[in-house]
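> can't give you the sequence, but here's the structure:
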């Protein structure tokens, strides 16, 4: 196959997989082209901390030999992929000075599974510090840039994953999501991200932020690609105490089925009064598109944004503080300032307040499960805010600010599978997106609806000019 | 004791030290925590247990 670097880079994962399976595209050519693109573009994007160039080419050669010999493993065979730098695999810094020299002795489960499926591991992607602390120009690790505007943040905490996927520097990336860290960068970078059901993808070897809110999942340029990548990493893992021993279905099974008669619930009380106008307009247009596709859309009851903050922030901060307490006592100066302050705040959450928040969380989850008996999915904007500029210095405790309108934590509290899908662009040329959440372990239906929407709109066909 | 003094005392008890500027910001966050406790209390229904073990599905060894 003769293609330019950009043509290869912006093949979808599914398109590349078909060509590789037919032996019309060499995994070595594909990997080399992607590595060349990383060399050319990443000095401006800062999406990778580590590139495994030699190892990736060796793996690509091995994949090519296997495929030629008829030992084709899966649709990920020979496809270049990458992971957020909190997944243990070689150097694993977590974007922090505290772990700058740490090298994992073995691959985490998710990376092992992707490699077993034939994926080619390109390298480790930039992250907010420990998946929470905003990197700035003053940080030990430089912040990743948004490919749509290099002066802007790509969202986080899976910042490098979002940037690299959008820029064509990988065909898919693993992110993690404790309060929106897959879906927010997916929104900011105009890509697709799946926070799979809590327990669906192993977190063993993925650096924790909050044991009971941490989720993992793939980030890709299309919905179909996201399903393919989830297929390669999902499944029970006894090394993860939260891993669910449930069957792994074919996540692509419903693609192409129409969504006529499906019921979509809009929890408008959460975002209606605080969402940015451009985002709300794009979201409402997406809702209209869903109705054109035959879905029945209804507003449903929900908690308010203030209530979401009241339940979510004490939980995540207290959990993170518990994990980081020793380093906070011994090496506080090695954290970025905003993370240091968030962790300090976490130590101030008293036990009673923590347990009350967990009780309310369970109430919210049960109420939303009941709602899912009448509707198939929830649909809402990912966030009410457009990306902020890359900052020279820490803005302080921005995460817990009352005007940090991010609607993603609702589904970390419930554990439901949630898909971020692009749905337009701002007048400033930055992407906008929404999220779809479904029943636990029913990622296939979430993908089905996301795919139907995506295929009826042009947003996934646009790429940043780099 | 005002909020800043409470924050300072509790952080010291936890072995954590911050600059004065950071203490000011964490004091604001502490006020939010206090406010959120009231919000959560108002949302609470008596019958609910905390979701400490979110779901524990272990391999069936039978």
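Perfect, thanks for sending it. Note that the coordinates shown come from a computational prediction; the quantities given were computed from them, not determined experimentally.
> contacts and neighbour counts: CA atoms only from here.
OK.
> doesn't residue A:236 make contact with residue A:203?
No - Residue A:203 lies out of contact with residue A:236 (Cα atoms under 8 Å); the separation is 10.4 Å.
> mutual contacts of those two, please.
Residues within reach of residue A:203 and of residue A:236 at once, by Cα atoms under 8 Å, 6 or more residues apart in numbering or on different chains, are residue A:243.
> between those two, tell me which one has more neighbours.
Taking other Cα atoms under 10 Å in any protein chain shown, residue A:203 and residue A:236 do not tie; residue A:203 has more neighbours (26 against 22).
> which element is the more buried one on?
Counting by DSSP states H and E, no helix or strand carries residue A:203.
> run through the residues that contact it.
Residue A:203 is in contact with A:109, A:110, A:214, A:215, A:216, A:240, A:243, counting by Cα under 8 Å, 6+ apart.
> report how many residues lie close to the nearest residue to the first one once chain neighbours are set aside.
The reference is to residue A:109. In space, residue A:109 comes closest to residue A:204 once its chain neighbours are excluded; the distance is 6.0 Å by Cα to Cα, 6 or more residues apart in numbering or on different chains. Using other Cα under 10 Å, residue A:204 is surrounded by 20 other residues.
> I'd like the distance between residue A:216 and chain B.
For residue A:216, the distance to chain B equals 16 Å [Cα to the nearest Cα, to the nearest Å].
> right, I mislabeled it, should have said residue A:200
Taking Cα to the nearest Cα, one finds residue A:200 at 11 Å from chain B.
> count of neighbours near that residue?
Neighbour count of residue A:200, defined by other Cα under 10 Å: 29.
> just checking, it touches residue A:232?
No - counting by Cα under 8 Å, residue A:232 is not a contact partner of residue A:200; they are 11.7 Å apart.
> can you pull the residues of chain A lying near chain B?
Within chain A, the positions lying close to chain B (Cα under 8 Å from any Cα of the partner chain) are A:212, A:238, A:241-245, A:307, A:309-311, A:314, A:328-329, A:332, A:341-342, A:344-345, A:347-349, A:353, A:355-363, A:396-397, A:400.
> recalculate using a threshold of 7 Å.
A:212, A:242, A:244-245, A:307, A:310-311, A:314, A:328-329, A:341, A:345, A:353, A:355-363, A:397 (Cα under 7 Å from any Cα of the partner chain).
> only the buried subset of those, as a ChimeraX command please.
In ChimeraX, this line selects whichever of the residues of chain A next to chain B come out buried by 16 or more other Cα atoms under 10 Å in any protein chain shown:
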select /A:212,242,244,245,307,310,311,314,328,341,345,353,355,356,357,358,359,360,361,362,363,397
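> contacts only, for residue A:447.
By Cα atoms under 7 Å, 6 or more residues apart in numbering or on different chains, residue A:447 lies in contact with residue A:223.
> how near is it to chain B?
23 Å.
> what helix or strand is that residue located in?
Assigned by DSSP H and E, residue A:447 falls in helix A:443-455.
> what about that helix, average pLDDT?
Averaged over helix A:443-455, pLDDT sits at 98.
> the residue in chain B that chain A sits nearest to: neighbour count?
Going by Cα to the nearest Cα, chain A is nearest to residue B:50 of chain B, at 3.8 Å. As a burial measure, residue B:50 scores 16 neighbours (other Cα under 10 Å).
> residues contacting it?
Residue B:50 makes contact with A:355, A:358, A:359, A:362, according to Cα under 7 Å, 6+ apart.
> tell me the one of those residues nearest residue A:125?
Nearest to residue A:125 among those: residue A:358, at 32.2 Å, using Cα to Cα.
> so in chain A, where's the weakest helix or strand by average pLDDT?
Within chain A, no helix or strand scores below helix A:5-9, which has a mean of 88 by mean pLDDT, DSSP states H and E.
> that one: which residues count as buried?
Applying 16+ other Cα under 10 Å to helix A:5-9 flags A:5, A:8, A:9 as buried.
> where's the last one relative to chain B, distance?
When Cα to the nearest Cα is applied, the distance between residue A:9 and chain B equals 40 Å.
> out of everything not next to it in sequence, what's closest to that residue?
Sequence neighbours aside, residue A:168 is the residue nearest to residue A:9 in space, at 4.9 Å (criterion: Cα to Cα, 6+ apart).
> regarding the one you found, which helix or strand does it belong to?
Going by DSSP H and E, residue A:168 is not in any helix or strand.
> can you tell me which of the contacts of residue B:50 end up in helices?
Members of the contacts of residue B:50 lying in helices (criterion: DSSP state H): A:355, A:358, A:359, A:362.
> now for those, which pair is the farthest apart?
A:355 and A:362 (10.7 Å).
> so who does residue A:234 touch?
Contacts of residue A:234 (Cα under 7 Å, 6+ apart): A:200, A:201, A:248.
> so which residue of the stretch 351-466 of chain A comes closest to chain B?
For the stretch 351-466 of chain A, Cα to the nearest Cα, closest residue to chain B: residue A:359, 3.8 Å.
> surely that residue touches residue B:45?
No - checked against Cα atoms under 7 Å, the pair residue A:359 and residue B:45 is beyond contact range at 8.3 Å.
> contact partners for the residue positioned nearest the centre of chain B?
Residue closest to the mean C-alpha point of chain B, counted by Cα atoms, centre = their mean, is residue B:33 at 6.5 Å. Neighbouring residues of residue B:33 by Cα under 7 Å, 6+ apart: residue A:314.
> state the distance from it to residue A:328.
Distance, residue B:33 to residue A:328, by Cα to Cα, to the nearest Å: 20 Å.
> residue A:193 belongs to a helix, doesn't it?
No - under DSSP: H, G, I helix; E, B strand; the rest coil, residue A:193 falls outside any helix and is assigned strand.
> so the residue lying closest to it once chain neighbours are set aside: helix, strand or coil?
Nearest residue to residue A:193, sequence neighbours excluded (Cα to Cα, 6+ apart): residue A:219, at 4.3 Å. Of the three states, residue A:219 takes strand under three-state DSSP.
> then residue A:121?
strand.
> just the helices in chain B please.
B:3-13, B:20-43.
> tell me the most buried of those?
helix B:20-43 (a mean of 18; mean count of other Cα atoms under 10 Å in any protein chain shown).
> got the angle for the longest helix along chain A vs helix B:20-43?
Counting by DSSP H, the longest helix found in chain A is helix A:305-330. Put simply, helix A:305-330 runs at 140 degrees to helix B:20-43, going by axes from the mean of the first three to the mean of the last three Cα atoms, to 10 degrees.
> elements contacting helix A:305-330?
Packed against helix A:305-330 by the contact rule (3 or more Cα pairs under 7 Å, 6 or more residues apart in numbering or on different chains; DSSP states H and E) you find helix A:337-346, helix A:351-371, helix B:20-43.
> could you give the mean pLDDT of it?
Averaged across helix A:305-330, the pLDDT comes to 97.
> distance of the residue located most distally from the centre of chain A from chain B?
In chain A, the residue that sits farthest from the middle, by Cα atoms, centre = their mean, is residue A:69; the gap is 34.8 Å. Look at residue A:69 and chain B: by Cα to the nearest Cα, they are 36 Å apart.
> now residue A:5
45 Å.
> now swap in residue A:139 and tell me
Noted for residue A:139: a distance of 17 Å to chain B, by Cα to the nearest Cα.
> can you tell me how far the closest residue to that residue other than its chain neighbours is from chain B?
Of all residues not flanking residue A:139 in the chain, residue A:336 sits nearest, at 6.6 Å (Cα to Cα, 6+ apart). For residue A:336, the distance to chain B equals 12 Å [Cα to the nearest Cα].
> hmm, residue A:336 is touching residue A:133, no?
Yes - using Cα under 7 Å, residue A:336 is in contact with residue A:133, at 6.3 Å.
> ok, then the element right after the least confident helix or strand of chain A?
In N-to-C order, the element after helix A:5-9 by DSSP H and E is helix A:13-21.
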